[in-house]
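> With the input below, show me the fold.
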Amino acid sequence: KGHVEEDEEAYDDADFYQLLLRDLIESAASTEDATELQAQLRAARRRAGKAGKTVDTKASKGRKLRFDVQPKLVNFMFPEVVARPAFTESLIENVFKAS
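Numbering: from 1, shown residues only. This is a model prediction of the structure:
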């Protein structure tokens, strides 16, 4: 029980992260003024918060229609209805007749 097999091909980066953590702790301890560090952190948060785009919260759930105004048609004419000859119906029936 408790024996874990380690994969020899897997990369173990625990030492690297321990070194990074140690450097972070040392740099935080070397700062004389903790309030300055907090002010920098607040400023960074404000900058990150303003980076997002403004979203209209009332436009969701179908409450606001989104559309583009189409330009009016120019020189449009309705098609003229042409009177069909009397034999047109019989031609159509012969073409589409089930065999």
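
> wait, what's in contact with Ser27?
By Cβ atoms under 8 Å, 6 or more residues apart in numbering, Ser27 lies in contact with nothing. To be clear about C-beta, it is placed using only N, CA and C from the backbone, and glycine gets the same treatment.

> Next SSE downstream of the helix or strand hosting it?
Take DSSP states H and E as the rule and Ser27 turns out to sit in helix 14-30. Downstream of helix 14-30, the first helix or strand assigned by DSSP H and E is helix 34-50.

> Quick one: name whatever helix or strand follows that following helix.
Assigned by DSSP H and E, the successor of helix 34-50 is helix 88-95.

> Show the average pLDDT along stretch 68-85.
For stretch 68-85, mean pLDDT is 88.

> CA-only coordinates of it in CSV, if you can.
The C-alpha atoms that make up stretch 68-85 are tabulated as CSV, following Å, rounded to 0.1, in the frame of the first residue of the first chain:
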residue,chain,number,x,y,z
ASP,A,68,-29.5,46.2,-40.0
VAL,A,69,-31.6,48.7,-42.0
GLN,A,70,-31.6,47.6,-45.7
PRO,A,71,-31.4,50.2,-48.4
LYS,A,72,-34.6,50.8,-50.4
LEU,A,73,-35.0,49.0,-53.7
VAL,A,74,-34.3,51.1,-56.7
ASN,A,75,-36.1,50.6,-60.1
PHE,A,76,-38.0,47.6,-58.8
MET,A,77,-41.0,46.4,-60.8
PHE,A,78,-43.4,43.6,-60.0
PRO,A,79,-43.5,40.9,-62.6
GLU,A,80,-46.4,41.1,-65.0
VAL,A,81,-48.8,38.2,-65.0
VAL,A,82,-49.0,36.7,-68.5
ALA,A,83,-52.2,34.9,-69.5
ARG,A,84,-51.4,31.2,-70.2
PRO,A,85,-52.7,29.5,-73.3
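
> I'd like the distance from that stretch to the chain centre, please.
40 Å (Cα atoms, centre = their mean, to the nearest Å).

> Mind listing residues that contact that stretch?
Residues contacting stretch 68-85 (Cβ under 8 Å, 6+ apart): none.
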